[in-house]
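Asks: predicted coordinates and the sequence they were generated for:
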Amino acid sequence: MPASEAVVPPLPHNSKISQGFSHPLTSHLLCPAELDWDDTDTKQKLQSSELAVSGDQWPLFVYANEAYDSEDPWSGLLRSHLLVNAFRHVFTSPSSVDKEPKATRAGNA
């Protein structure tokens, strides 16, 4: 999802009832990478909490391009655009997410 796109349906700020596995976008991102979110049975079990997600199951949003390789689970791990932008937002500056890095001062080099 591009950063300029709005979340549809919007996430309410005062209620968590329609977040997590109850929201179409966040549920896709939170789905364990080794599961198929497009499978209606998996989706229903996660939404009803019939299928519990354990701590050793990485969510899809931590993989580059939201692509999980079962043959090489370390490939792309912690390289997603969302995760990198969140890191840049917190540890450099919010403006670094939207812009290319540039010098803050002109120099005589």
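Replies: Everything's here; your move.
Asks: wait, what's in contact with the residue nearest the centre of the chain?
Replies: In the chain, the centroid-proximal residue (CA atoms, centre = their mean) is F61; its distance is 3.2 Å. Contact analysis of F61 by CB atoms under 8 Å, 6 or more residues apart in numbering lists L29, L30, S80, L82, L83. Where C-beta positions appear, they are placed from N, C-alpha and C, glycine not excepted.
Asks: so the first one sits right up against W58, yeah?
Replies: No - the criterion here is CB atoms under 8 Å, and L29 misses it with W58 at 11.5 Å.
Asks: quick one: find the helix or strand in this protein with the lowest mean pLDDT.
Replies: Least confident helix or strand, the chain: helix 95-98 with a mean of 82, by mean pLDDT, DSSP states H and E.
Asks: phi first, then psi, for the residue nearest to the centre of the chain.
Replies: Here is the backbone geometry of F61 (degrees, to the nearest 10): phi -70, psi -10.
Asks: any idea how far P24 is from it?
Replies: As defined by CB to CB, to the nearest Å, F61 lies at a distance of 14 Å from P24.
Asks: equivalent analysis for D98, please.
Replies: Distance from D98 to P24, counting by CB to CB: 25 Å.
Asks: please apply the same query to T40.
Replies: Counting by CB to CB, the gap from T40 to P24 is 13 Å.
Asks: more crowded one of those two?
Replies: P24 (12 against 9; other CB atoms under 10 Å).
Asks: on that earlier part again, among the contacts of F61, who's most crowded?
Replies: Ranking the contacts of F61 using other CB under 10 Å puts S80 first, with 20 neighbours.
Asks: appreciated, that's everything.
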